[in-house]
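Peer 1: Got a predicted model here, sequence first, then my questions.
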Amino acid sequence: MNDNPNAEDFETYSVHIHEDAGRLPLRVVQFGSVIVIGLELTPEQRARNSAESEAALRRLREHIGKPGVKIERRPGVPLVYANKNMPGTVIRELNGRKEVGKLLKDGSFVSLLADRPPSIGPGGFLAD
């Protein structure tokens, strides 16, 4: 016989008995190894819960249909995202200029085209 039993050797139950449990019908619901026993809902409670759930879904629906996040751009703050055309690199957008590069372990950005002189595009801006 083992004097040091493992937690797996025991099952733990926590039970709360409602004072009306012997007089009202009970509902048993199991989620995996969790069993929940509670009083059966009345038709009025079911209708109220259903209406509250539908109202919550209506409020949530307007937000669920919008995928992604909105990023507010600010001057001087770079936007960095994965470069789908060149795996292992990122694109950094800063003040209207795009650069391809890599992020170092310390979080700093290193341009892959740093040794190439920038080209001037239309309007006097640096071209991509």
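Peer 2: That came through fine. Note that this is a predicted model, so its numbers are computed, not measured.
Peer 1: can you pull out the helices in this structure?
Peer 2: In the chain, the helices defined using DSSP state H lie at 43-64.
Peer 1: Domain parsing of it, as residue ranges.
Peer 2: Residue ranges for each domain of the chain read 7-64, 79-124, as given by automatic domain parsing.
Peer 1: which of those domains sits most buried?
Peer 2: domain 79-124 (a mean of 11; mean count of other CB atoms under 10 Å). C-betas here are computed from N, CA, C, even on glycine.
Peer 1: can you redo the domains of the chain as CSV with mean pLDDT and distance to residue 70?
Peer 2: Putting the domains of the chain into CSV (pLDDT from 0 to 100; distance: least, CB to CB, whole Å) gives the following:
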stretch, mean pLDDT, distance to residue 70
domain 7-64, 79, 12
domain 79-124, 80, 12
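Peer 1: Can you lay out the ones you listed as CSV showing distance to residue 71?
Peer 2: Converted to CSV, the domains of the chain look like this (distance: least, CB to CB, whole Å):
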stretch, distance to residue 71
domain 7-64, 17
domain 79-124, 7
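Peer 1: Return the backbone torsion pair for the residue positioned nearest the centre of the chain.
Peer 2: Nearest to the geometric centre of the chain sits residue 68, at 10.9 Å (CA atoms, centre = their mean). When read as degrees, to the nearest 10, the backbone of residue 68 gives phi 80, psi -170.
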